[in-house]
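Novice: just a sequence and a predicted model for now, questions to come.
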Amino acid sequence: MVAATGPKAKGANAKRPKTKRSGRKPPVDPTNLLVREFVTPEGVDLRLQLGSAGERAGAFLLDAVIILVGFIALLIAGISAASAFGLESQGREFVGAIWLMATFFLRNFYFIFFELRPQAATPGKMALGLRVAARDGGRLTSEAIFTRNAMREIEVFMPAMLLLVGWAMSMVGADPVDGWSVLLGMLWTGIFLFFPLFNRDRLRVGDLLAGTWVVKAPRRALAIDLAHDASERLARFDFSAEQAAAYGVKELQVLEDVLRRRDPRTLKAVADRIRGKIGWATGPEEWDVDFLSAYYAALRGRLENRLLFGHRRKDKFDKA
Amino acid sequence: MKDLQLKSHRFRAEREADWRRLEALLAKAERGRAARLSDDELLQIPVLYRAVTSSLSVARATSLDASLIAYLESLATRGYFFVYGPRTKLLQRVTRFFRRDWPNAVQSLWKETSVCALIFLVATVAAYIMVQRDNAWYDTMVGGMSQGRDFAASTESLKKVLYDDDSGHLLGAFAIFLFTHNAQVSIFCFALGFAFGVPTALLMAQQGLIMGAMLALYASRGLGWEMGGWLMIHGVTELFAVILAGAAGFRIGVAVGFPGEKSRIDAASAAGRHAGVVMIGVVIMLVVAGLLEGIGRQTIHLDWARYAIAGTTLTLWLSYFYLPRPGRVA
């Protein structure tokens, strides 16, 4: 059954050749440009979804806050340790060295440490349901992780330093030439900073060099089957064949969404629309939810039956 | 419509237990407890994963329950990352790195390494000659790095720097300071290679200028030989590491500029991974250099001993990286 992939998935022989440019592939899903075809060795297309620029920035901000808090905590711990050791130079120097080492590791190895773990994600990425993956579908190697994070040096720390320098220079009232060089520096680093926005795969420079990308790997819970739920309670609803054939897959999935959200006003509006369309007379004590659930079950039953015979009715305008 | 039992629901009911089992096992493994999974459970994961990918294919073809398909997609993705994720043990990875990956990666960078070393040497020699002709160049080249070691300083104070055992300081602390500083510089050197290697070349030349100017200062006071020992005991390792970092940066710069047969992106990522191996090694070398500088140099004051250590480390590094040995892919 492995070969029976969805209609959009390509066969094994359509796998991309090694030299193919990544920018030339047609989008898998025209409505969502961040979905990528990703065929596993089992021949199943996982349709990975890339993390959007906003999510990436959010994850990074979370991590940056964690690092900053770490710096401050270390600073406080260092100062209190130095005063506890007494203020002779040896103790102070010892604490200073430990602090230096700790901040160095925090700055350079925070990301590397977390991305080397099985989750391949920092706490910030985990919070947003992201993870790092190798672009070619192979294993995520430690050198790739090192490379993608070493590039942060020019992507993040250099702009940060330049901002600090610019701010300090404006404080002391430096001459305009230096201000210009800071501006040029900002432009140069801005290219790196906004690099992810200028390519389809939302790659940082580090991602590009390491051959990685950041994908969504959310944990989803298995929700109840709405059709099954309806079939037990709502056998009294009896739709005719024409009534059950009023819509296609697109409408079915909108209906599924509406039923899962259970917003009373939307339910009422949708129920009224469907009743009008199929000419359904509202019976006594008929709840909108019950009607919609029953109709969902009937519609899905009809569409899935047609699907088994090879007809996928896209939407209500599809006459197939 | 009496028979509302959908085929897609029966499909789900038959397989749901397997899916939930895989979900539970993955949750356990992802919490970092892969070691605590029993052998039986570990063997089950790939089987269940394949069952889920098969379910996903069937569901896409026959079911119209969008949330079910989304669930299976996320479960299959998690399973994929676990089943095809890195699984070699840490110890194996570390030994492989030292036995094969690191020396091979460094060896294959020999062209870039030579170019970097050449830039560095030319800058050193040029700075030496220029400062010898005109002392005014010294301040331009060394600037704030001099810390009082300039032409205004007395020979005595200059000599004191070379043999000061820093009894007031903790040697370990000094070593840590030097290591963090140098590692930051070399990571910077590497990362800047992305801009076609130009900033990396500038940084390499700058390091060479500083060293050449300092050598000229000490040589003018007749302390050239002593300065050499002071510098080389750790400098052999440290400069080698910085040169390798520059070479790794160059490799990326060249790949971005001249991708050859591959697409630019593919060439860049191939070079990036390769250079990443070298960079992990560079950090290790800098730890060694920091120890030699912070502890070795402050405790060993004999010039010939300093030179002996420098010579030994250089021989060791060179033979480790470049010596042909059995089972090595050139």
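Specialist: Alright, I've got the coordinates. Numbering: from 1, shown residues only, chains lettered A, B, ... in the order given.
Novice: what's across from residue A:48 in the sheet?
Specialist: Using DSSP bridges, the bridge partners assigned to residue A:48 are residue A:36.
Novice: pretty sure it contacts residue A:38?
Specialist: Yes. Taking contact to mean Cβ atoms under 8 Å, the distance of 4.4 Å between residue A:48 and residue A:38 places them in contact. C-beta: built from backbone N, CA, C; applies to glycine.
Novice: which non-adjacent residue is nearest residue A:41?
Specialist: residue B:84 (7.5 Å; Cβ to Cβ, 6 or more residues apart in numbering or on different chains).
Novice: contacting residues for that neighbour?
Specialist: Residues touching residue B:84, when contacts are defined by Cβ atoms under 8 Å, 6 or more residues apart in numbering or on different chains, comprise A:40-41, A:137-139.
Novice: where in the stretch 1-150 of chain B is pLDDT low?
Specialist: B:1-4, B:32-35, B:86-90, B:143-148 (pLDDT under 70).
Novice: helices along that one, start to end?
Specialist: Ranges of helices in the stretch 1-150 of chain B, per DSSP state H, counting those that start in this stretch, are B:7-28, B:39-62, B:66-83, B:90-96, B:102-108, B:110-133, B:137-142.
Novice: hmm, the fourth one in reach of chain A?
Specialist: Put plainly, it is helix B:90-96. Yes. Judged by Cβ under 8 Å from any Cβ of the partner chain, helix B:90-96 comes into contact with chain A through residue B:93.
Novice: again with the first one
Specialist: Yes. Helix B:7-28 is in contact with chain A by Cβ under 8 Å from any Cβ, via B:7-9, B:12, B:16, B:19-20, B:23.
Novice: so where do the helices sit in the stretch 201-320 of chain A?
Specialist: Taking DSSP H, counting those that start in this stretch to define them, one finds helices in the stretch 201-320 of chain A at A:205-210, A:226-233, A:241-244, A:249-261, A:264-278, A:288-308.
Novice: deepest of the ones you listed, which one?
Specialist: Stretch with highest mean neighbour count among these: helix A:205-210 (a mean of 26; mean count of other Cβ atoms under 10 Å in any protein chain shown).
Novice: what are the phi and psi values at residue A:221?
Specialist: phi -90, psi 150 (degrees, to the nearest 10).
Novice: I figured it hits residue B:71, correct?
Specialist: Yes. Taking contacts as Cβ under 8 Å, residue A:221 lies within contact range of residue B:71: 7.3 Å.
Novice: who's more crowded, the two?
Specialist: When residue A:221 and residue B:71 are compared for neighbours, residue B:71 comes out ahead with 22 against 8, by other Cβ atoms under 10 Å in any protein chain shown.
Novice: distance of the more buried one relative to residue B:121?
Specialist: Here the distance between residue B:71 and residue B:121 works out to 62 Å (Cβ to Cβ, to the nearest Å).
Novice: and for residue B:77?
Specialist: For residue B:77, the distance to residue B:121 (Cβ to Cβ) stands at 52 Å.
Novice: and residue B:189, by the same measure?
Specialist: As it turns out, when the distance is counted by Cβ to Cβ, residue B:189 lies 17 Å from residue B:121.
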